[in-house]
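Chemist: When you get a sec, could you give me coordinates for this:
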Amino acid sequence: MKKKKLLLLTLVFFISLGLPGCKDGGNQSEDIVPAEEAANAVEIADEVKISIVPPEGWKPVEGSVLQVHYGNETASFMVKTESFPVDSLDSVVEEAKDIFTSTFDDVQYIGEPERITIDGKDARKFTFTCEVSSMKMKFEYAYLYVGNEVYAITFGDLADHFDSLISDYEKILSDIKFE
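Modeler: Here you go, the predicted structure:
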C-alpha cells in the first residue's frame, strides 16, 4: 500500500506542476548546478543556473523529467519555468489559482498570497489543500521572475505530513540561488 501511495504522490506532483505551464507550452531553460560547483558555473546566454543545497533528508528524484526535483519520504519540491500570458506576479498567482481550482477537488486556499523575497527577487507564495484520488494533499507554490521567465518553486506532501517540513521549505526558499 505504501508503494502505491508513493507512486500516486509522484504522479500527482508531476501533474500539478505541469498544469499552469501547459497553457502556453512552458519553457524549460534552466541548468541545475550543485552548490559545490556553483562558484565554477559559467553562464551561457539566456540560461539560468540554479544552486540548491537542500536540507538533510532531501534526495534528487531519479528518473524525474524535471530539472529540479527532490523528495523526502512522501514530500517533494521542484523548480521549473512556467508560461503565463500575464505580466505581473499577482496575475500569475491568480491565473495559477484558477487552474488549480478547476483541476483539483475541494481546493482550499490558506490565507492570502504572501509577498516574499527569493534570492533578492520579488516573489509571491501561497498555500492550498486539495483532494487527489481521495488523498488530502497540501501544496505551497512560490512564483518569481528571473529575467523574463516565471519560475515556480513547489512543495507538496500529504496534508497531514506537510507541516512537519515547513522549516525545510523555508530554508530552501532562503538558500536557493538563480544565476
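
Chemist: middle-most residue in the protein, spatially?
Modeler: residue 154 (1.8 Å; C-alpha atoms, centre = their mean).

Chemist: mind checking how far stretch 109-127 is from the chain centre?
Modeler: Put simply, stretch 109-127 sits 12 Å off its chain's centre (C-alpha atoms, centre = their mean, to the nearest Å).

Chemist: now do the same end-to-end measure for that stretch.
Modeler: 6 Å (C-alpha to C-alpha, to the nearest Å).

Chemist: Let me see the residues that make contact with it.
Modeler: 89-90, 92-93, 97, 128-129, 138-146, 153, 173, 176-178 (C-beta atoms under 8 Å, 6 or more residues apart in numbering). In this view, the C-beta of every residue, glycine as well, is placed from N, C-alpha and C.

Chemist: Buried ones among those residues?
Modeler: Buried residues within those, counting neighbours by 16 or more other C-beta atoms under 10 Å: 89, 92-93, 97, 128-129, 138-146, 153, 173, 176-178.

Chemist: Now intersect those residues with the helices, please.
Modeler: 89, 92-93, 97, 173 (DSSP state H).

Chemist: okay, these in CSV with distance to residue 119 and pLDDT next?
Modeler: Converted to CSV, these look like this (distance: C-beta to C-beta, whole Å; pLDDT from 0 to 100):
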residue, distance to residue 119, pLDDT
89, 14, 96
92, 17, 97
93, 18, 97
97, 24, 97
173, 9, 96
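
Chemist: For the top strand by length along the chain, buried residues please.
Modeler: Looking across the chain with DSSP state E, the single longest strand is strand 105-118. Neighbour counts over strand 105-118 (16+ other C-beta under 10 Å) mark 107, 113, 118 as buried.

Chemist: residues touching the first one, list them.
Modeler: Right, the one you point to is residue 107. 100-101, 128-130.

Chemist: This completes my enquiry, with thanks.
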